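Novice: here you go, sequence then predicted model.
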Amino acid sequence: MIISGDSSRIADMINSFGHDVRNLLKQAVDIAWYSRGSIQYETALGMSPLERDIATELVNKRIESQQKKKSMNIVY
């Protein structure tokens, strides 16, 4: 926690938080989209970072397996 510090450290922290929020929102959208609605956006937002990572890994694994089959109908 910054109790006192120069403005550049505070600005860096705020920028870092903004980046973290953007990543969280993007991950929640990806999970909701690729789960085809089985996981709602609001539910994905409530997941822990570990749960979101696991869900994202599952989505990526499914996409890769479908690409290896060279299927035209990719099933997420």
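Specialist: In hand now; what should we look at? Source: prediction; values computed, not measured.

Novice: measure Ser48 to Ala55 for me?
Specialist: Taking CB to CB, to the nearest Å as the measure, Ser48 falls 11 Å from Ala55. No exception for glycine: its C-beta is placed from N, CA and C like everyone else's.

Novice: neighbour-wise, which of the two wins?
Specialist: Taking neighbours as other CB atoms under 10 Å, Ser48 and Ala55 compare with Ala55 leading, 20 against 8.

Novice: I figured the more buried one hits Ile31, correct?
Specialist: Yes: look at Ala55 against Ile31 with CB atoms under 8 Å: they come within range, at 4.9 Å.

Novice: got any residues that touch both of the two?
Specialist: Jointly contacting Ala55 and Ile31 under the rule CB atoms under 8 Å, 6 or more residues apart in numbering are 39, 44, 47.

Novice: who are the packing partners of the worst-scoring helix or strand of the chain on mean pLDDT?
Specialist: Lowest mean confidence among the helices and strands of the chain (mean pLDDT, DSSP states H and E): helix 49-69, at a mean of 88. For helix 49-69, the elements it packs on are helix 7-34, judged by 3 or more CB pairs under 8 Å, 6 or more residues apart in numbering; DSSP states H and E.

Novice: and the helix it packs on, what's buried?
Specialist: For helix 7-34, a neighbour-count test (16 or more other CB atoms under 10 Å) marks 27-28, 30-32, 34 as buried.
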